[in-house]
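1. what's the 3D shape of this:
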Amino acid sequence: MDELPWNRQRLRSNNEWLLLEQLRTAGPCSRAQLARDTGLSKPTVSSALAELQQHGLVREVGTVAPGRGRTAVLYEPDPTAGYVLGIDVGRARLRIAVADMSGKVLSRKDVANRARTATSLAEVVAGAVNETLAAVDVPAERVVHAVLGSPGVFDPEDGRVHYAVNLPGWGRAGLLTEIRERLGGPELSMHNDANLAALGEYAFGAGRESRLFVYVLVGTGLGVGIVSHGELFTGAHGAAGEVGFLPAAFGDPAAGSSRRGALEEAVSADAVVRAARERGMSGRLTAKRVFDAARAGDPIAATVVREEGERIALVVAAVTAVLDPDVIVVGGGLGGSADLLLDQVRAALQRTTPLRPAVSPSELGDDAVLLGAIATALRVARPQVFDRRTPTGR
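-> Numbers count the residues shown, from 1 in each chain. Model (predicted):
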């Protein structure tokens, strides 16, 4: 008999969570519509909505006048119940965004990454976060969860980021704790940037509704993110998709410059610049300038782009042979030149493999990692907000 009140309380809490999720997925609804969609009785819906509204989780958003009957009040989840942060740390740039519980980005900041040590980078991240929050008057304590994306794999056992070779000192022990303390308020988790980009494209971009979706990030480094039925696949130790460490031969054998090394050295923005220099291009080269020159008809640049496309095709072919995804999206810094690259990738696939994967450009561009961080933070924050604001949670 003592357990009966607890069970009733738990049942009420489960009903409230069910209604909150229904409103989140279906959009603003009336009490009658919620009763029809969930199978709950109208009195149960009315009682649960009243509780959710009292706890600041649901708000009235307008009315609807049906063809027959009385005007009905529409409800939606209150987006101001909490906030989340997305942080994208790359070698060249930092991107910060704050979003409400609906996922709407309220403020964002992009800054150049000129830090030369992990400590100075942590300072820059904290400063950019504070400016982003101040722009919309959101205090740090209202941020429920923050997600930081960067190259490498964070190991919670030793507190280190492994394999982030492009960020000096980023593997120092205690770095995540240091950043968390500098931020002041929110919980903070760290994730691989390619994984977050995959989740971003799955939630908001080219990977929507895919059963098995792969994102190939090609920028200052190379990585692969894998999403299966909406869930990220990271492997036994979190390193699934670290294809940049695969051995590869690269360079021009005819020029005597062939050498062996990690695949990331052959498939990246630096590889494009290096190949362009080896073939005779000069000046202050960047990958973007090489691609711009290829568009303008420069034969050397066109050759470099073709060879980069062929190397990316090797990555795509290997991923396809192992995973057989619905679609492979190519993004990252070089993904911005998909108009040139993907034609070369598809042509190389036609020549080298009987497998014919669907290859698409990123729809989110440079924002894929940042939006993936927001989506990941929301998945953590929404149930936490509910649990904190209701008497028993779920």
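2. and Pro325, that's in a helix?
-> No - counting by DSSP: H, G, I helix; E, B strand; the rest coil, one finds Pro325 to be coil, located in no helix.
3. neighbours of Ala377, how many?
-> Ala377 has 30 neighbours, counted by other Cβ atoms under 10 Å. For every residue, glycine as well, the C-beta is placed using N, CA and C.
4. which residues touch it?
-> Val84, Leu85, Gly86, Ala99, Val144, His145, Ala146, Val147 (Cβ atoms under 8 Å, 6 or more residues apart in numbering).
5. assign the fourth one to helix, strand or coil.
-> Three states are possible here, and by three-state DSSP the one that applies to Ala99 is strand.
6. remind me which residues of the protein are low pLDDT?
-> Within the chain, the ranges that satisfy pLDDT under 70 run 1-10, 67-69, 248-261, 392-394.
7. ok, now how distant is the residue nearest to Glu264 when sequence neighbours are not counted from Glu278?
-> Residue nearest to Glu264 in three dimensions, not counting chain neighbours: Gly244, with 3.2 Å by Cβ to Cβ, 6 or more residues apart in numbering. Counting by Cβ to Cβ, to the nearest Å, the gap from Gly244 to Glu278 is 21 Å.
8. follow-up on the earlier one: widest-spaced pair of the contacts of Ala377?
-> Gly86 and Val144 (12.7 Å; Cβ to Cβ).
9. so the two - more neighbours on which side?
-> Using other Cβ under 10 Å as the criterion, Gly86 and Val144 rank with Gly86 on top: 29 against 22.
10. for Val153, phi and psi?
-> The phi/psi pair for Val153 (degrees, to the nearest 10) reads phi -130, psi 120.
11. number of residues surrounding the closest residue to it other than its chain neighbours?
-> The shortest distance from Val153 to any non-neighbouring residue, by Cβ to Cβ, 6+ apart, is to Gly238 (4.6 Å). Using other Cβ under 10 Å, Gly238 has 18 neighbouring residues.
12. so what's Gly238 up against?
-> Going by Cβ under 8 Å, 6+ apart, the list of residues near Gly238 reads Val153, Phe154, Asp155, Asn192.
13. narrow the residues you listed to those in strands?
-> Val153, Phe154, Asp155, Asn192 (DSSP state E).
14. surely Ala115 is in a strand?
-> No - per three-state DSSP, Ala115 lies outside any strand segment and is coil.
15. element containing the closest residue to it other than its chain neighbours, please.
-> In space, and not counting its chain neighbours, Ala115 is closest to Leu121: 3.7 Å by Cβ to Cβ, 6+ apart. Per DSSP states H and E, Leu121 falls inside helix 118-134.
16. can you name the next helix or strand after that helix?
-> Next element after helix 118-134 (DSSP H and E): strand 143-150.
17. now for that next one, which elements pack on it?
-> On a contact count with 3 or more Cβ pairs under 8 Å, 6 or more residues apart in numbering; DSSP states H and E, strand 143-150 meets strand 83-89, helix 118-134, helix 175-183, strand 187-192, helix 193-204, helix 368-389.
18. and Leu19, which of the ones you listed is closest to it?
-> That would be, of the helices and strands packed on strand 143-150 and by Cβ to Cβ, helix 368-389, which comes in at 11.0 Å.
19. return the set of buried residues in that closest one.
-> 368-378, 380-382, 385-386, 389 (16 or more other Cβ atoms under 10 Å).
20. so how far is it off the chain centroid?
-> 12 Å (Cα atoms, centre = their mean, to the nearest Å).
21. do the same with stretch 150-164
-> On Cα atoms, centre = their mean, the centre of stretch 150-164 falls 17 Å from the chain's centre.
22. what number of residues lie near Val322?
-> 10.
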